[in-house]
Each structure stands twice: as structure tokens, then as C-alpha cells.
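Trainee: Any chance you can model this:
(one chain, ligands or ions: 1)
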Amino acid sequence: MIILAVESSCDETAVAVVRDGREVLADAIISQIEMHTLYGGVVPEIASRKHLTAISLLADQAIKEAGITRKDIDAVAATCAPGLIGAVLVGVNFAKAAAYALNVPFIPVHHVRGHIAANYITYPELEPPFVALCVSGGNTLIVDVRDYTDMQLIGSTRDDAAGECFDKVARVLGIGYPGGAPMDRLAQGGDDTKYHLPCAHVTDAPMDMSFSGLKTAALNLIHNAEQKGEELDLPSFAASFAKAISDTLIPRVAYAAQQTGYGKVVAAGGVAANSRIRGDLAKLCEKRGWELYLPALKLCGDNGAMIGCQGYYEYLAGVRGDLTQNGFANMDIGKAFE
Ligand code: KG4
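Mentor: Predicted coordinates:
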């Protein structure tokens, strides 16, 4: 079964062609980062307009790269939630129109379910159940993945997402947007014990997280150093910051994996590319004897292939959208599209 898959929830326009869920025939992507860098962050209205100009050309490119014709497409899938609503709606409407024109089913997909599914592409043998740590620019979730389309949110951030913290701190340091990857590079060789940054605990919620205090503490440290004319040891600051993020995530993943008893941990999302988090997850899983699955670096960020993969399993579960299918800025990962 061949799925044309569309992703437009934030600042990447992506269209992929995926066969039977796990074989990626084409994965075309256009990043808008250069444009948003001018403003130090994603400007939603600009994102929507850029998706609009890119999407149909990108779909043609993906079909060509896959070596198929439009007639070979069996279904069209698209991210319908969560994301910047104007951006999401561009992909939803394009995909609905394509499905209607081709007279094939339309499959709505939850964006973070897609991030998890990136692992099915990286590891052809991977199957649920497992615990997933989903960390990206807009989401930080711990998910009990009981089956391909049966999952439950068991932990989440109460405020900022981990990626958002990397981005804000990097912006204040002036090291680029999005800030996660440059912060990661900067941290190499730094002393992670040099700066003490806080890790918050949420009372009576052992799998929930909070990053806003860490973000404020990091920004205060930068501003105080500036005011006193002191120079920060940037590699050590970046290493200490990555340690604080990882020290918040890892114990909660450990708790979730222990509670569910699956013995299998999966990471997902843009921040899952972070070398400190990947290393700490590896240490944790080695110590506990759990299997660990980390997505290929090129599949950590937003892409169309992951939507095609999850779309396939949603299709098998009977999920279909009609022409009235809406897009949503937020949606519980455990909830199915109806
Ligand atoms: O998954 P993604 O592409 O978009 C969302 O769905 O949000 O994630 C983007 C986020 C950004 O916040 C970016 O700074 C972060 O992933 N990121 C990283 C790294 N690479 C990307 N964060 C930490 N370390 C990295 N190496």
C-alpha cells in the first residue's frame, strides 16, 4: 500500500511517499529556518504562507523521486494536530483535496504519534509495546505505547517544552535558531558540573516535568554575568544546561519504563537528536537491561516519512478523515481521530 504523506505543523514543509508503513520511497522536505532566523523564532503567519507556496511542488517532487505516478497512490495522510494551526491547515487542506481528486482515503495523523513512528522506519523489527520519550520544540511527553494506535499520555511538561528551552537560551546567547543543535555542539568538551542549574520536581506526579524554572535560571545566569562584565565559559554552560534537561527527563523515563514493565524505551522528536540525552538514555537502559531505540538523526526532526508510517497503522486501524476533517492546535495523543 502506497501512502502520500504530508507534514506542515511548524516550520518544515514535507511530503513523503511510503510503502506499507516502513519503506520510504521518497522524503521531500523544505525547511523555512532561514526565513524565521531573521526573527529569532517561528512567525506563524509566515510559516503558513511558505507552506502554501511549497506544498504542491513538493508533492510533485516526492512522487517523481519515488518513481511512481499519481495513480499508484492508495491513500493520503497528513498531520492534523498538534501544531501551529494556520500551518497545520495548509497540509490538511492540501491532503484532503489530493485524496478527493485521486479518489482514495484520507488519513488524519497525530504529529507526535508520527515522531514515535520514525523509529519503525529506523528499526524494521521494532514493535509496540514500549515507553516513548517524545521531546521536541513544542512537546515533551512520556507515552505508554500499548500498540501502534493505542497509546496513553502518562507524563508531560507542565509548562515549556525541552526544545523551547534550548531555543530560548540559545537565542539569548546569540548562537542561532533553532538553538538545540548549536547548544549541543557548544557543549562538547564543556564541564557539566561548572554551573548549577535546577531540575524541578512536580509533587505527586512522578512522570510530569517542568522546565520554565530551568529556563529562567539559565537566562538569569547569562544576564547576571553580562551585568557584572564576567565572561561565561560557554561550553561548560551549554554542558551544564544539557545535563539539567537530561537529569529532568531520565528519571521520569526510568520510572515510566519500570511501571509499565515493557523493558523497551523509545526516543522521538527533534530533541532526541541531543547527544547528552542519547548518551544518558543509553547508560540508563544498559544499567537496567532495557532495549533502547533512538531514531536516526535525520528522522528526529519533522519529516513526511514518519507521517506516512504512522498513517499506515492508522489506516489499518480503520481511521479515516472525510472532507470536513479539521486541524487542531492541540490534541491528546491518546485520542483517536473520528
Ligand atoms: O521535532 P522538531 O523538528 O519540531 C517539533 O515538532 O517541535 O523539533 C525541533 C526542536 C527545536 O527546539 C530544536 O532546537 C531541537 O528540536 N533540537 C535539538 C537538537 N536538534 C534539534 N535540541 C537539542 N539538541 C539537539 N541536538
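Trainee: Can you tell me which residue of the stretch 101-250 of the chain sits closest to the ligand?
Mentor: Per Cβ to the nearest ligand atom, the residue of the stretch 101-250 of the chain with the smallest distance to the ligand is G180, at 2.1 Å. For every residue, glycine as well, the C-beta is placed using N, CA and C.
Trainee: If you tally nearby residues, what's the number for that residue?
Mentor: Residues within reach of G180, counting by other Cβ atoms under 10 Å, total 28.
Trainee: Residue numbers of the stretch 101-250 of the chain in contact with the ligand?
Mentor: S136, G137, G138, G163, F166, D167, P178, G179, G180, A181, D184 (Cβ under 6 Å from any ligand atom).
Trainee: who touches the closest residue to the first one other than its chain neighbours in this structure?
Mentor: Of all residues beyond its chain neighbours, the one nearest S136 is G269 (3.4 Å), with distances taken as Cβ to Cβ, 6 or more residues apart in numbering. Residues counted as contacts of G269 (Cβ atoms under 8 Å, 6 or more residues apart in numbering) are V112, H115, C134, V135, S136, N139, G163, C300.
Trainee: same check, this time on G270
Mentor: With Cβ under 8 Å, 6+ apart, G270 has these contacts: V135, S136, G137, G163, P178, G180, C300, G301, D302.
Trainee: Would you mind measuring from it to I277?
Mentor: Counting by Cβ to Cβ, to the nearest Å, the separation of G270 from I277 is 11 Å.
Trainee: Need the overlap of contacts for these two.
Mentor: V135.
Trainee: Next one, pLDDT for the residue in the stretch 201-338 of the chain positioned nearest to the ligand please.
Mentor: Per Cβ to the nearest ligand atom, G270 is where the stretch 201-338 of the chain lies closest to the ligand, at 2.1 Å. You'll see G270 listed with a pLDDT of 98.
Trainee: cool, and S136?
Mentor: At S136, the predicted lDDT confidence score is 95.
Trainee: same check, this time on S156
Mentor: 97.
Trainee: let's have the chain start at 32 instead
Mentor: Will do, 32 is the new start, and the previous item becomes S187.
Trainee: Excluding covalently adjacent residues, which one is nearest to it?
Mentor: Take S187 and drop its neighbours on the chain: the residue closest to it by Cβ to Cβ, 6+ apart is L172, 4.9 Å away.
Trainee: Counting by contacts, list what the helix or strand hosting the one you found packs against.
Mentor: Element membership for L172 (DSSP states H and E) is strand 171-178. Applying 3 or more Cβ pairs under 8 Å, 6 or more residues apart in numbering; DSSP states H and E, one finds that strand 171-178 contacts helix 142-153, strand 161-166, strand 181-187, helix 265-291.
Trainee: can you put these in a markdown table and add mean neighbour count?
Mentor: What follows is these, written out as a markdown table (neighbours: other Cβ atoms under 10 Å):
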| stretch | mean neighbour count |
| --- | --- |
| helix 142-153 | 27 |
| strand 161-166 | 26 |
| strand 181-187 | 18 |
| helix 265-291 | 21 |
